[in-house]
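Chemist: Let's see this in three dimensions:
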Amino acid sequence: MKKIVAIGNTVFIYLIAILPVMLIASDKSEIITWIWKHLFHNSVFVPLILLLLFGAVMYILNIIFMIQTRNDCFHATDLARTNMIVKLIQIPAYIFIFIIGILCMVMIFTIGISFVLMLLDALSIGLTGLFSIAAFQNLNREGMITKKAQFIYSIASFLFCVDVIIAIIGYRKSLSVTTLS
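Modeler: Residues are numbered from 1 along each chain as shown. Model (predicted):
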């Protein structure tokens, strides 16, 4: 379950990044033109709805995983490492989406795209934030961080850029405790 959730969270942000590329390249590539015509029926709403459905499924899986980590014994260091890796792998997609969002904001006619990308980014950080909560719960349960630190780290996991730093700190904390033991 951990791998499915981690991979799904990572794939979600890259699917968001692919959407504007497909919009821009729809006339320039035969494959993308075929996809738009036959799979999406020349509507941007079809891939957007599919993306939102995938996001909803991922939210459900993340919540189930979060509940499962309370009951099962996942090793805290492993979860903290996976959390950090997912956050680091997502950085290029977030940078790309940010650049596209800024470019779309410059042009008045495409400001709506910037707004949609911002909302989809917020959904994505919510997914990885839920995964982070599970990791920090286990760090607290194994005595690697305090309850107060768990609360602060969990909240910070829902903030752009801060989430990556917190994931690295959480992993480092789990390593420092395991190496002392």
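Chemist: count of neighbours near I133?
Modeler: Residues near I133, counting by other Cβ atoms under 10 Å, number 23. Every residue, glycine included, has its C-beta placed from N, CA and C.
Chemist: and what of the one 3 residues further on?
Modeler: As a burial measure, F136 scores 29 neighbours (other Cβ under 10 Å).
Chemist: And A56, by the same measure?
Modeler: 11.
Chemist: any idea how far R70 is from it?
Modeler: As for A56, its distance to R70 is 22 Å (criterion: Cβ to Cβ, to the nearest Å).
Chemist: give me the element the residue nearest to S124 when sequence neighbours are not counted is part of.
Modeler: The spatially closest residue to S124, leaving aside those adjacent along the chain, is I13, at 4.5 Å (Cβ to Cβ, 6 or more residues apart in numbering). Assigned by DSSP states H and E, I13 belongs to helix 2-25.
Chemist: Could I get the buried residue list for the helix or strand just after that helix?
Modeler: Later in the chain than helix 2-25, the nearest helix or strand by DSSP H and E is helix 30-34. Residues I32 are the ones in helix 30-34 that count as buried (16 or more other Cβ atoms under 10 Å).
Chemist: Same question for stretch 168-176.
Modeler: 169-171, 173-174.
Chemist: got a list of contacts for that stretch?
Modeler: Residues outside stretch 168-176 that contact it (Cβ atoms under 8 Å, 6 or more residues apart in numbering): 76-77, 80-81, 83-84, 132, 135-136, 139, 144-145, 149, 153.
Chemist: redo that, cut-off 10 Å
Modeler: Residues from elsewhere that reach stretch 168-176 (Cβ atoms under 10 Å, 6 or more residues apart in numbering): 75-85, 87-88, 132, 135-136, 138-139, 142, 144-145, 149-150, 153-154, 156-157.
Chemist: likewise stretch 110-121?
Modeler: For stretch 110-121, using Cβ under 10 Å, 6+ apart, the contacting residues are 12-13, 15-17, 19-20, 23, 44, 48, 51-52, 55, 93-94, 97-98, 100-107, 160.
Chemist: Buried only: go through those residues for me.
Modeler: Here, 16+ other Cβ under 10 Å leaves 12-13, 15-17, 19-20, 51, 55, 93-94, 97, 100-101, 104 buried among the contacts of stretch 110-121.
Chemist: Please work out which helix or strand belonging to this protein has the smallest mean pLDDT.
Modeler: None of the helices or strands of the chain scores lower by mean pLDDT, DSSP states H and E than helix 30-34, at a mean of 80.
Chemist: ok, back up a step: arrange the buried residues of stretch 168-176 in CSV, one row each, with pLDDT, secondary structure and distance to L117 as further columns.
Modeler: CSV is the format used below for those (pLDDT from 0 to 100; DSSP: H, G, I helix; E, B strand; the rest coil; distance: Cβ to Cβ, whole Å):
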residue, pLDDT, secondary structure, distance to L117
I169, 93, helix, 28
G170, 92, helix, 28
Y171, 93, helix, 29
K173, 90, helix, 33
S174, 89, helix, 33
